[in-house]
Each structure stands twice: as C-alpha cells, then as structure tokens.
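A.B. asks: Sequence and predicted structure below; questions after.
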Amino acid sequence: MEKYLTDNISVRGYSHLLSDKECQDNSISWHDKRYSGVIICDGHGGEKYIRSQKGSLLACTVGQKAIDEYMSQKHRLDEDNFNEQFKFLESYIIDNWRKEVEKDFIDNPLDNDERFNALSDSDKAALIKNPFKAYGSTFIAAVMAKTYYFVIKLGDGNVNVVLSDGSVKSVDGLEDEQLQFNVTTSLCQSNAALEFRHVYVKDESIKGLVLTTDGIINCFKSVESYHALIKNIYDAYSETKNERDIANARSELADGLNQLSEKGSGDDLSVAIAIR
C-alpha cells in the first residue's frame, strides 16, 4: 500500500487585513491507503460576491465528499473513458455545491444581509436574478493514486507536479485562454460544467502534487521563481517524520505566505500538497 502525506493551508491576504475583509480562500486535504486528495478554492473578490468565503468552503467540503465517493467506486479508472467519468464527477460536484448554496441562502436570506443591502442597485439585481453569484468560487482538485494522478479544474490557480528527480513543472492540459486579466470561470456560472478542464496521467514515478491559488504565482516575475517556491515547499514537507514536524512545516509556510502576500499580490493565498 502507498503511504501519503497531505496538508493544506489558506492565509488571509495582506490587502484583506488592511481592509478588514475575510479570507475568501479555502483548502482541504486528506488521504488513505488508496489515494491522496487535495482541493483549493478561491472565492471571488468583486463587490457582489458577498458570500464567496462560504462558497469556497462549501466547494471544498462538497468536493472532498464527491471525490471520496467516486474513488470508493472506481479503484481503477477506465483509461478509455476517463473524459466521460470526469465530466460526470464535475457535474456531480456542481450540482451538490448548488444544493448546499441554496440551503444557505434559504436559511440566510439576502435581504437580511447588510453586505447585500450595501450593494448598488445593479449588483442587487444581479444577485436577485442569480443568488449563486454571491457564493462564486473557483475549484481545483487533484488525486494521486499508486499508478496515476488526475486533476479537475475550474477557474484560475496553478497545479504543479514534483518529478522523480525533484524538479517541478506545471501540469499540462489545463490551459484556458479565458483566464487572464483577472477574468476567471466559476462554480456560480450556469455553464460551469462546460468550463471545467481535466487531465489524467498514468505515472508511478512522480513524488508529489502542489496546488496554489492564483495569488501566489502573481507574486512572482517569472515561472521559474514560482517553481523554486514550490520546490522549497515540497522539500520542507518531504523531510518531515511526524505530526510535530508537519505542524512546524505548516507554521513556517504560513509565515512565508503572509510575507509573500504583503510584499507581492496582497491576495489571499492557499497551498495544498500531496506527497508519496
């Protein structure tokens, strides 16, 4: 059986500290003897996305449950039909996220939310027409099993693989030309299922996967500098031997991310890591 180490962290962005705005990122990680799973979700920062922190949290919890159910049923992916399998999984995640969001805005009507009442008339109208927009969030999940890994991705953010020689590269096949100039796809879109990207890679040799929200790469002038950070994160965790070491690595990472946000993008920052 494989042995996995997983961890995740989300820190409040420096600009959000200054404006007393909540962290809109959320992340989650888990593992068993069959596979490791990691998810990062980035709530949108626009004015009308008043519940994006809750939206990204619900996306993480719904995503973990859906993936765990999927992996319990599918110990081996059908390599000839993985596109259809992932499309089903992505739609299942969206449907369950929308159900949880619907429960939340029924229990907490927008009219009773002071953040809603402070919006412009046009933003209020947009949320009345589509309340899911208030909870808008990206979604990236990755699974690493013994002989393969896969990624499902909606919106911006980055997925990196640590190769057998310890080098880092971005995962190919997830590109989306729409994702530039602060534009992102989102769970709150009516066509979200069409906007997902996914990859399946058969590989027993990789050492780890590292996911980050877009606020991290936006702190760097080059991809090489960003990948150097990913390598440092991987190295710090790969040297841990017990829970105390992992807690220390997480604490050091939190300090580093807080400094990075202050000197760089000012955004909320999230990291999720899975190591063999």
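C.D. replies: That came through, no problem.
A.B. asks: So which residues of the stretch 151-276 of the chain form helices?
C.D. replies: 192-195, 214-217, 223-238, 243-263 (DSSP state H, counting those that start in this stretch).
A.B. asks: In CSV: the ones you listed, plus distance to S167 and mean pLDDT.
C.D. replies: For the C-beta atoms, the positions are set from N, CA and C on the backbone; glycine is no exception. Below are the helices of the stretch 151-276 of the chain laid out as CSV (distance: least, Cβ to Cβ, whole Å; pLDDT from 0 to 100):
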stretch, distance to S167, mean pLDDT
helix 192-195, 30, 97
helix 214-217, 17, 96
helix 223-238, 8, 98
helix 243-263, 20, 97
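A.B. asks: just so I know, which of the ones you listed lies nearest V62?
C.D. replies: helix 192-195 (13.0 Å; Cβ to Cβ).
A.B. asks: ok, and for the closest one, which residues are buried?
C.D. replies: Buried residues in helix 192-195, counting neighbours by 16 or more other Cβ atoms under 10 Å, are found at 192-193, 195.
A.B. asks: Distance from that helix to the middle of the chain?
C.D. replies: Remark: helix 192-195 is offset 16 Å from the chain centroid, using Cα atoms, centre = their mean, to the nearest Å.
A.B. asks: Dump that helix to PDB, restricted to CA.
C.D. replies: The C-alpha atoms that make up helix 192-195 are tabulated as PDB, following Å, rounded to 0.1, in the frame of the first residue of the first chain:
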ATOM      1  CA  ALA A 192     -19.900  25.700 -15.200                       C
ATOM      2  CA  ALA A 193     -19.900  22.100 -16.300                       C
ATOM      3  CA  LEU A 194     -18.700  23.200 -19.800                       C
ATOM      4  CA  GLU A 195     -15.800  25.300 -18.400                       C
END
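A.B. asks: Next, count neighbours for the spatially closest residue to D104 that is not a sequence neighbour.
C.D. replies: Spatial nearest neighbour of D104, chain neighbours left out: K54 (6.2 Å); criterion: Cβ to Cβ, 6 or more residues apart in numbering. K54: 21 surrounding residues under other Cβ atoms under 10 Å.
A.B. asks: I'd like to know how far K54 sits from G208.
C.D. replies: Distance from K54 to G208, counting by Cβ to Cβ, to the nearest Å: 30 Å.
A.B. asks: got the contact list for the residue lying closest to E252 once chain neighbours are set aside?
C.D. replies: The shortest distance from E252 to any non-neighbouring residue, by Cβ to Cβ, 6+ apart, is to A236 (6.6 Å). By Cβ atoms under 8 Å, 6 or more residues apart in numbering, the contact list for A236 reads 249, 252-253.
A.B. asks: Pull out the buried residues from those residues.
C.D. replies: 249, 253.
A.B. asks: Among the contacts of A236, which one lies nearest to E84?
C.D. replies: Distances from E84 to the contacts of A236, taken by Cβ to Cβ, are shortest for L253, at 37.2 Å.
A.B. asks: now L5, which residues is it bridged with?
C.D. replies: I275 (DSSP bridges).
A.B. asks: Just to check, it is in contact with N242?
C.D. replies: No: using Cβ atoms under 8 Å, L5 is not in contact with N242; the gap is 10.8 Å.
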